[in-house]
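Peer 1: sequence plus the predicted model coming up.
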Amino acid sequence: MKTDSDSLDQQILKFRERTQALIEEYADNDAASHDSAALLASMNTMIEELQAASEELEQQNEDLLQMQSLLQQERLRYKLLYHAAPDAYLVTDRLGVISQANSAAGNLLNISPDRLVGKPLATFFQKDQLRALMQLLHAIDTGRPEQPQEWNTQLRPRDKSLIHIRVSVGLQNADNNGQEYTILWLLRDIDEEMRIQQQIFESRARYRAIFDSAAVGIALIGLDGTLLEVNPAFQRLFSHDTEPGQPGGYLELVAGGRPWNEPELFQELVRRIRPSYALEQAITLPGGKLVWIKNHFSLVLDAEGTPAYALGLFEDVTLLHQREEEILVLEHRLDEARDQERDSLARDLHDGPLQSAIGVLYRLQQFQLDHDASELHDELQGIHTDLDEIIHMLRSVSGMLRSPVLAHFGLGSAVRASVDRILTSDNNLHIVTQIEDKDWQLSPRAAQGIFRIYQHCMSNILRHAQARHVIVRLGQAGERLVLEIRDDGKGFSVPERWIDLTQEGHYGLIGSAERAAALGGELSIRSREGGGTTIRVSIPMDEAEQKKQNWEHINPKILKL
């Protein structure tokens, strides 16, 4: 390729040749030789300087060509990066008309980049976002911000639904005085980011709702025992004075707990000697209140596997411990009541039928010794009468232990037969029965249990209630069998706990509640002093459900009048 430096070199060469010819022409002329030689020497120097300048210019041309090649490569690289970029890039004028767009912009707006050129960017914004876009363009035109402006908004690509984007806007001046400029737009799809943020927000909201409304106490505890965060259930459990932030606050709360030394266990947890621990302990709170607390601790690690804090779950099991203690006392008292009942039955048999039978035997022996055959008839008649009374007493005791009517004719008939016997022996008591005529196909265990409860209730009415009227109801309510016995006797004050009934000697009620619970049912008591008593028993009809013992219903349902 011919360059300006080549032309200059040729001219310099021609000029040098002409100068050399002049030097040779005037070499023999002494008059002009002196001035001409000086002139020619000066010209030769100039020629050499021109030659050096030519060489320098040639080097500059080579550097320029190399720079042009590098610039072309950079332009190609920029174009490649521009169109391969994952984010959308746009160039617009001050009115927002697109002049350039990369491939990502075409994908984002669902239009090829070449077809985007000449379209207003406002085409892709909804009406409620256009005002903000216009305000942004006006602010750029008037304020010419040096730093890029960011803006989260929504736009609608062609034939697609709205998407969330993050816009970054910058300026590029087209002249030195800044009067002409273009706007550089970077558009980034943040739909996935917004979805993740929404999920994080919802997850935090769910965590906070669970944390605040949980029935068990929850606490985040620092490695030094500081209460970092506690929920309302924890504050209710340990009193409302347990505010987070006090160093060692939790360890001070449980320092006097028994039977465990929890501060030592907590330190073992922090030192990672144990991964977790769970225990039940009695703690005396400020004010002297004793509570039993069941807790479970685990260590929470950070991303690097270093212990960050401890997570504790707490449950108040005071009532459970009280219930266990009361059940133990009840079992002991019930054992005593059963022993007393056996002793009473043994005394009744010994003092009644057994003594009568011994008397008959003694009379027979005496008769054989003291009388002859002529007197046999009258004496045997008397013995026959005594034996009838013994049999009657034994049948009465046997009926109390096991009703033959119940075994052969069912629960309803057994209750009616029992009421008839009571009415025969006590003419002052009026009993009304409301018994459904229905074969419930009860298991012998369930029928026997309900009948025993009925016997206990009637026995209490006859011995203690001083009642004049009694109503006995027996029937089915849904899927349950219900026995209800109501009297107008003197009643009594029903305590809050069964343990108090044992102290007052109401073992029959305790036994009835135990029988109802053993059949998967429940027993409720409604009574007041001078206002009569109502006892209601309900058990499931299904035999499988009857075998699911409901020991929590040992405590009576207290129905206040």
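Peer 2: Arrived safely.
Peer 1: can I assume residue 257 is in contact with residue 280?
Peer 2: No - with contact defined as Cβ atoms under 8 Å, residue 257 does not reach residue 280; the gap is 9.8 Å. For glycine as for every other residue, the C-beta is placed from the backbone atoms N, C-alpha and C.
Peer 1: list residues touching both of those two?
Peer 2: Taking Cβ atoms under 8 Å, 6 or more residues apart in numbering as the criterion, residue 257 and residue 280 both touch residue 293.
Peer 1: starting from residue 207, give me the distance back to residue 260.
Peer 2: For residue 260, the distance to residue 207 (Cβ to Cβ, to the nearest Å) stands at 30 Å.
Peer 1: contact partners of stretch 314-323?
Peer 2: With Cβ under 8 Å, 6+ apart as the criterion, stretch 314-323 contacts 216-219, 233-234, 237-238, 280, 290-295, 555.
Peer 1: of the residues you listed, which is the most crowded?
Peer 2: Neighbour counts for those, by other Cβ atoms under 10 Å, peak at residue 219, which reaches 26 neighbours.
Peer 1: quick one, phi/psi of that residue?
Peer 2: Backbone torsions of residue 219, given as degrees, to the nearest 10, read phi -140, psi 140.
Peer 1: which element is the residue nearest to the spatial centre of the chain on?
Peer 2: Centroid-nearest residue in the chain: residue 210, 5.0 Å away (criterion: Cα atoms, centre = their mean). Secondary structure assignment for residue 210, by DSSP states H and E: helix 191-213.
Peer 1: which residues sit against that helix?
Peer 2: If you take Cβ under 8 Å, 6+ apart as the criterion, helix 191-213 is touched by 163, 164, 218, 231, 232.
Peer 1: and with 10 Å instead?
Peer 2: Residues from elsewhere that reach helix 191-213, judged by Cβ atoms under 10 Å, 6 or more residues apart in numbering: 152, 154, 161-166, 190, 218, 220, 229-234.
Peer 1: and stretch 93-100, by the same measure?
Peer 2: Residues beyond stretch 93-100 that count as contacts (Cβ under 10 Å, 6+ apart) turn out to be 82, 89-92, 105, 109, 111, 113, 115-123, 125, 133-134, 136-138, 140-141, 171, 174, 180-185.
Peer 1: same thing but at 6 Å, please
Peer 2: The contact list for stretch 93-100 (Cβ atoms under 6 Å, 6 or more residues apart in numbering) reads 90, 91, 92, 116, 117, 119, 120, 121, 122, 137, 141.
Peer 1: secondary structure class for the second one?
Peer 2: Secondary structure state of residue 91, per DSSP: H, G, I helix; E, B strand; the rest coil, is strand.
Peer 1: make residue 1 into 25 and carry on from there
Peer 2: Happy to do that; since the first residue is 25 now, the last one works out to residue 115.
Peer 1: host element of the closest residue to it other than its chain neighbours?
Peer 2: In space, and not counting its chain neighbours, residue 115 is closest to residue 124: 3.9 Å by Cβ to Cβ, 6 or more residues apart in numbering. Following DSSP H and E, the helix or strand that holds residue 124 is strand 122-125.
Peer 1: tell me which other helices or strands the helix or strand that that strand is followed by touches.
Peer 2: Sequence-wise, the next helix or strand downstream of strand 122-125 (DSSP H and E) is helix 127-133. With contacts taken as 3 or more Cβ pairs under 6 Å, 6 or more residues apart in numbering; DSSP states H and E, helix 127-133 sits against strand 112-116.
Peer 1: the strand it packs on: partners in the sheet, and parallel or antiparallel?
Peer 2: strand 122-125 (antiparallel), strand 205-213 (antiparallel) (DSSP bridges).
Peer 1: so residue 337, which state does it fall into?
Peer 2: Looking at residue 337 with three-state DSSP, the answer is strand.
Peer 1: spatially nearest residue to it, not counting backbone neighbours?
Peer 2: residue 320 (4.8 Å).
Peer 1: kindly report the same for residue 183.
Peer 2: Computed as Cβ to Cβ, 6+ apart, the closest residue to residue 183 that is not its neighbour in sequence is residue 134, at 6.1 Å.
Peer 1: so how far is residue 184 from that neighbour?
Peer 2: Applying Cβ to Cβ to residue 134 and residue 184 gives a distance of 6 Å.
Peer 1: now residue 253
Peer 2: From residue 253 to residue 184 the distance is 44 Å (Cβ to Cβ).
Peer 1: residues near residue 144, how many?
Peer 2: 14.
Peer 1: ok, it - contacts?
Peer 2: 120, 121.
Peer 1: now do residue 530, the pLDDT please.
Peer 2: With respect to pLDDT, residue 530 has a value of 63.
Peer 1: let me redo that: residue 180
Peer 2: For residue 180, the model assigns a pLDDT of 88.
Peer 1: hmm, it is touching residue 189, no?
Peer 2: No - applying Cβ atoms under 6 Å as the test, residue 180 and residue 189 come out as separate, 10.6 Å apart.
Peer 1: which one's more surrounded, those two?
Peer 2: residue 189 (22 against 16).
Peer 1: doesn't the more buried one belong to a helix?
Peer 2: No - if the criterion is three-state DSSP, then residue 189 is strand and not within a helix.
Peer 1: next, the residue nearest to residue 337: phi, psi?
Peer 2: Backbone torsions for residue 320, taken as degrees, to the nearest 10, come to phi -140, psi 130.
Peer 1: does it touch residue 304 like I think?
Peer 2: No - using Cβ under 6 Å, residue 320 is not in contact with residue 304; the gap is 10.3 Å.
Peer 1: joint contacts of the two?
Peer 2: With Cβ under 6 Å, 6+ apart as the test, residue 320 and residue 304 reach no residue in common.
Peer 1: one step back: only alpha carbons, please: show the strand holding residue 124 as CSV.
Peer 2: Extracted in CSV, the C-alpha atoms of strand 122-125 (Å, rounded to 0.1, in the frame of the first residue of the first chain):
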residue,chain,number,x,y,z
ILE,A,122,-34.3,2.9,20.8
SER,A,123,-31.3,3.2,18.5
GLN,A,124,-29.4,0.1,19.5
ALA,A,125,-30.4,-3.2,21.2
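Peer 1: tell me the buried residues in it?
Peer 2: Neighbour counts over strand 122-125 (16 or more other Cβ atoms under 10 Å) mark 122, 124, 125 as buried.
Peer 1: can you tell me how far the last one is from residue 177?
Peer 2: Just to be clear, that refers to residue 125. As defined by Cβ to Cβ, residue 125 lies at a distance of 18 Å from residue 177.
Peer 1: do the same with residue 206
Peer 2: Counting by Cβ to Cβ, the gap from residue 206 to residue 177 is 21 Å.
Peer 1: can you give me the buried ones in the helix or strand where residue 157 lies?
Peer 2: Using DSSP H and E, residue 157 falls within helix 151-167. By neighbour count on 16+ other Cβ under 10 Å, the buried set for helix 151-167 is 153, 157, 160, 161, 164.
Peer 1: what do you get for stretch 68-75?
Peer 2: In stretch 68-75, counting by 16+ other Cβ under 10 Å, buried: residue 74.
Peer 1: start to end distance for stretch 120-139?
Peer 2: 15 Å (Cα to Cα, to the nearest Å).
Peer 1: in it, what's buried?
Peer 2: 120, 122, 124-130, 132-133, 135, 137.
Peer 1: pLDDT (mean, whole number) over that stretch?
Peer 2: 90.
Peer 1: about what we covered before: in strands, which of the contacts of stretch 338-347 appear?
Peer 2: 241, 242, 243, 304, 314, 315, 316, 317, 318, 319 (DSSP state E).
Peer 1: could those residues go into CSV alongside pLDDT and distance to residue 93?
Peer 2: Output for these, formatted as CSV (pLDDT from 0 to 100; distance: Cβ to Cβ, whole Å):
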residue, pLDDT, distance to residue 93
241, 90, 75
242, 91, 69
243, 90, 70
304, 86, 83
314, 84, 90
315, 86, 85
316, 88, 86
317, 88, 81
318, 90, 80
319, 90, 76
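Peer 1: ok, residue 293 to residue 329 distance?
Peer 2: 15 Å.
Peer 1: more neighbours, these two?
Peer 2: Set residue 293 next to residue 329 and count neighbours by other Cβ under 10 Å: residue 293 wins out with 21 against 7.
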